[in-house]
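*Asks:* Here is a sequence with its predicted model. Questions after.
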Amino acid sequence: ASGRRIDLSQGGLTQTGSEFDFAIEGQGFFLIQTSEGERLTRAGHFLPNTNGELVNPDGNFLLDAGGAPIFVPPDAQRIALAEDGTLSADGTPLTIMGVWQPMDIADLQHTNGVAFEAPNGIQPSDDAILLQGFIEGSNVNPVSEIARMIEVQRAYELGQGFLDKEDERVRAFIRTIGARA
């Protein structure tokens, strides 16, 4: 079995039409504030909470390019996101959504769900396009993952067979020694 690795390839984009669904095309992550601190994610489904702040389904705040929670006025009729990250309500710019990269991609650590920690810090990402009304799907290839699971299972069975044979060999040795005594 091999260790867990993080695949940063982009998943397929699905159009939802929701004004609070955002996707990143290219490299980068959204920054969210969790109870454990700031985390990176590519999961772009957000909704305004009772205070008008954009949060993910777990209640974590979506942060803008300055690291502050994004607020959407409750009376806004139309929310629009430009490709450069400018979020507007009824034509009035509200903030610029941040798109971030870890300083060292090799140190990115999966924390829970779809969140990642970047222990060595983060930096703005310049080569990403933000899309509104889309969410990114999983980048997992189910066929290759099933094949990998079968491979791991076979390796486990091979190891188990070896242990069973070794156990039988030791038992036979003990029986032989016991019979001579």
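*Replies:* Happy to help now that I have it. Numbering: from 1, shown residues only.
*Asks:* Please name the residues that touch the residue most central in space within the chain.
*Replies:* Geometric centre of the chain, nearest residue: V114, 3.2 Å, by Cα atoms, centre = their mean. By Cβ atoms under 8 Å, 6 or more residues apart in numbering, the contact list for V114 reads T41, R42, A43. (Each C-beta comes from the backbone N, C-alpha and C, glycine too.)
*Asks:* Next one, pLDDT for A181 please.
*Replies:* Note for A181: predicted pLDDT of 63.
*Asks:* rewinding a little: where does the residue nearest to the centre of the chain fall, phi/psi-wise?
*Replies:* phi -120, psi 30 (degrees, to the nearest 10).
*Asks:* Quick check: it vs R175, distance?
*Replies:* 56 Å (Cβ to Cβ, to the nearest Å).
*Asks:* now E36
*Replies:* 56 Å.
*Asks:* And for T34?
*Replies:* From T34 to R175 the distance is 59 Å (Cβ to Cβ).
*Asks:* residue ranges of the helices in this protein, please?
*Replies:* 142-180 (DSSP state H).
*Asks:* For stretch 63-74, list every residue counted as buried.
*Replies:* L63, D64, A65, P69, I70, F71, V72 (16 or more other Cβ atoms under 10 Å).
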